[in-house]
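> Structure for the following, please:
(2 chains)
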Amino acid sequence: MSAFIEVRNVWQEYGDQVVLERLNLSINEGEFCTLVGASGCGKSTFLRLLLGQERASRGEILLAGEPLAGEPDSSRGVVFQRYSVFPHLSVLDNVAIGLELPRSKLLGRLFGAAKREAREQAAVILHKVGLGHALDKYPSALSGGMQQRLAIAQALTMQPRVLLLDEPFGALDPGIRKDMHALLLELWHETKLTVFMVTHDLSEGFSLGTRLLVFDKTRLDPHAPNAFGARITYDIPLNSDRRAQRAAVEGLPAHIAGKLQPAL
Amino acid sequence: MRLINRHPQRGGRLLLMLLPFVLLLLVYFSASSARLADNANDKLLPSANQMVAAIDRLAFTEDKRSGHYLFWQDSAASLKRLAMGIGIAAIAGLCLGIAAGIIPLFGAPLSPLLTVLSMVPPLAILPILFIVFGLGELSKVMLIVIGITPILARDLEQRAREIPQEILIKAQTLGASTWTLILRVVLPQLLPRLLIALRLVLGSAWLFLIAAEAIASTDGLGYRIFLVRRYMAMDVILPYVVWITLLAWLMDLGLRQTARLCFPWYEGAKS
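Residues are numbered from 1 along each chain as shown, chains lettered A, B, ... in the order given. The predicted model follows:
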């Protein structure tokens, strides 16, 4: 069986500037990859490639054996550091819109019973991430941590197979960050989600991931600092207990495993 | 204490707000009474009584020739033209702005075109409008539309570009198509900006309306002002100008309140 995500000889260049070079990577479904490295070394670029926001200059990325779609779609959820939620919608509608958009191609909104149902479904998810008390508020009335909870809830509504996180907790204070780690791990345990998370916080990278990918430039020409791109210099398996637990759950027959994973 | 750190008190603020208006009125009426004392037939600075009489004649007495109340007829005609012009311009500006600001393939040809078109002085093409659309209502409405649409479109294009890329990508990961993305994410975020842009172009819209009415019309506030100018009827012109100012101010207030009521999430609506 081939890997869930296969990165084959991927290069990313902007004009003369090489950002990523010769990336080769295979990732199994359900892994929690944390991406660390110095600023500007291409972690976020790699995430944008996975998201489909940019196309690789060379090489290809396969998702479940198929070439990755060249634009963002509902198979990959995303949470950015900022601007991840819609300021003009209430907390409830921010999540409900994810249920409305795919079902109403013409107007992008549902009416009557269908709308009530979508909102109820959204409320369940929001209660789960701890936003049950703030359904009617606008995002501007929420704290940074609450906004990121909302963004995660939004992304999970679509039940994506891949969740991409671009420094999602970078702007939060340490206490809130800890709560968010717990929430994220809990959600990861309950779904078969494959997570990629860019972070500047090394300890966060080590404690959350089942696999730590370090981006760095292996070659450097001081006269042409842009001539060589970053590669993955370390690929460290982590938290083997969680890995094993997940593998064990996946080894169970489907009808039992399905019961173990509470529906989100 | 430095001047920059001194703030007016609550009562003082109201006083300071009224002061310039009171001063203006004081200067006007003292000058007016001085001139009228010299020459009772002076027409340049009419007294309050003369202006009230003129308004009474135009607004509350039937016109002998046509049987209409001219003041209200003028107001209705002008407001209708203004509303149509601003309404059409708002819709056109919104569509053009979104197309140019959000869809790169439309923005490439539209953006430079809008930039160039907004440089055409609308009054310079007024004669063309009269030739093409005739001397009826259409050419007056078109002058307003042509005058303010490029400004609105360019402003909204800019605002559409300011919507963070993250928001647009997030919507796509939630399953939005280009159309539903515009409908559910871009349009609602631009509507309050449209109201603010409308407040800013309101002055221009009135300018174009008065200009069109002054040149070819048979009713309207601008028409009346330019008509009675021949008799130097300042007792009519001044109340009309005050009335136009009041109407414009009320529209501005209305747009601001609408923005505040309909878009409570929008920060800029509070100022």
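
> from the stretch 51-200 of chain B, which residue is nearest to chain A?
Going by CB to the nearest CB, chain A is nearest to residue B:180 of the stretch 51-200 of chain B, at 3.1 Å. The C-beta positions use only the backbone N, C-alpha and C, and glycine is treated the same way.

> Close to chain B: what parts of the stretch 1-150 of chain A are there?
Counting by CB under 8 Å from any CB of the partner chain, the stretch 1-150 of chain A comes close to chain B at A:51, A:53, A:71-74, A:76-78, A:80, A:82-89, A:97-98, A:100-102, A:104-109, A:138-140.

> Would you list the buried entries among these?
Among the residues of the stretch 1-150 of chain A next to chain B, those classed as buried by 16 or more other CB atoms under 10 Å in any protein chain shown are A:51, A:53, A:72-74, A:76-78, A:80, A:82-89, A:97-98, A:100-101, A:104, A:108-109, A:138-139.

> sorry, back to before: can you name the residues that contact the closest residue to the residue of the stretch 51-200 of chain B closest to chain A other than its chain neighbours?
With sequence-adjacent residues excluded and distances taken as CB to CB, 6 or more residues apart in numbering or on different chains, residue B:180 is closest to residue A:108, at 3.1 Å. If you count contacts by CB atoms under 8 Å, 6 or more residues apart in numbering or on different chains, residue A:108 has them with A:97, A:100, A:101, B:176, B:177, B:179, B:180, B:181, B:183, B:184.

> how does it look with 6 Å?
Residue A:108 makes contacts with A:101, B:180, B:183, B:184, as judged by CB atoms under 6 Å, 6 or more residues apart in numbering or on different chains.

> picking up where we left off before, which pLDDT value belongs to the residue of the stretch 51-200 of chain B closest to chain A?
pLDDT, residue B:180: 94.

> sorry, back to before: which ones among the residues of the stretch 1-150 of chain A next to chain B map onto strands?
By the criterion of DSSP state E, membership of the residues of the stretch 1-150 of chain A next to chain B in strands covers A:76, A:77, A:78.

> Those residues into JSON lines, with extra columns for distance to residue A:116 and pLDDT?
Formatted as JSON lines, these follow (distance: CB to CB, whole Å; pLDDT from 0 to 100):
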{"residue": "A:76", "distance to residue A:116": "29", "pLDDT": "90"}
{"residue": "A:77", "distance to residue A:116": "24", "pLDDT": "91"}
{"residue": "A:78", "distance to residue A:116": "28", "pLDDT": "92"}
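
> Break chain A down into its structural domains.
Here the domain assignment for chain A is A:5-75+A:160-260, A:86-143+A:150-159, based on automatic domain parsing.

> circling back: the buried ones among the residues of the stretch 1-150 of chain A next to chain B in helices, which ones?
Those of those mapping onto helices are A:51, A:97, A:98, A:100, per DSSP state H.

> Contacts for stretch B:150-165 next, please.
A:83, B:89, B:93, B:96-98, B:100-102, B:114, B:117-118, B:189-190, B:193, B:197, B:201.

> And those, which of them are buried?
Among these, those classed as buried by 16+ other CB under 10 Å are A:83, B:89, B:93, B:96-98, B:100-102, B:114, B:118, B:189-190, B:193, B:197, B:201.

> just the helices in chain A please.
Going by DSSP H, chain A shows helices at A:43-51, A:91-100, A:112-128, A:144-157, A:174-190, A:202-208, A:240-251, A:254-260.

> tell me the most buried of those helices?
Scoring the helices of chain A by mean neighbour count under mean count of other CB atoms under 10 Å in any protein chain shown gives helix A:91-100 as the most buried, with a mean of 26.

> That helix - contacts with which helices or strands?
If contacts are counted by 3 or more CB pairs under 6 Å, 6 or more residues apart in numbering or on different chains; DSSP states H and E, helix A:91-100 sits against helix A:112-128, helix A:144-157.

> what does the longest one contact?
Contacts to helix A:112-128, defined as CB under 6 Å, 6+ apart, come from residues A:92, A:95, A:96, A:99, A:100, A:110, A:132, A:153, A:157.

> Output that helix as PDB - backbone C-alpha positions only.
Taking Å, rounded to 0.1, in the frame of the first residue of the first chain, the C-alpha atoms of helix A:112-128 are listed here in PDB:
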ATOM      1  CA  GLY A 112     -36.300  26.700   6.500                       C
ATOM      2  CA  ALA A 113     -35.900  23.300   8.000                       C
ATOM      3  CA  ALA A 114     -32.600  22.600   6.200                       C
ATOM      4  CA  LYS A 115     -31.100  25.800   7.600                       C
ATOM      5  CA  ARG A 116     -32.300  24.900  11.200                       C
ATOM      6  CA  GLU A 117     -30.800  21.500  10.800                       C
ATOM      7  CA  ALA A 118     -27.400  22.900   9.600                       C
ATOM      8  CA  ARG A 119     -27.400  25.300  12.600                       C
ATOM      9  CA  GLU A 120     -28.200  22.500  15.000                       C
ATOM     10  CA  GLN A 121     -25.400  20.500  13.600                       C
ATOM     11  CA  ALA A 122     -23.100  23.500  13.900                       C
ATOM     12  CA  ALA A 123     -24.100  24.100  17.500                       C
ATOM     13  CA  VAL A 124     -23.100  20.500  18.400                       C
ATOM     14  CA  ILE A 125     -19.600  21.000  16.900                       C
ATOM     15  CA  LEU A 126     -19.300  24.400  18.700                       C
ATOM     16  CA  HIS A 127     -20.300  22.900  22.000                       C
ATOM     17  CA  LYS A 128     -17.600  20.400  21.500                       C
END
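
> what angle do that helix and helix A:144-157 make?
Interaxial angle, helix A:112-128 versus helix A:144-157 (axes from the mean of the first three to the mean of the last three CA atoms, to 10 degrees): 130 degrees.

> any idea how far residue A:39 is from residue B:169?
Shown here: residue A:39 relative to residue B:169, a distance of 21 Å by CB to CB, to the nearest Å.

> the more surrounded of those two?
Shown here are residue A:39 and residue B:169; by other CB atoms under 10 Å in any protein chain shown, residue B:169 has more neighbours (20 against 7).
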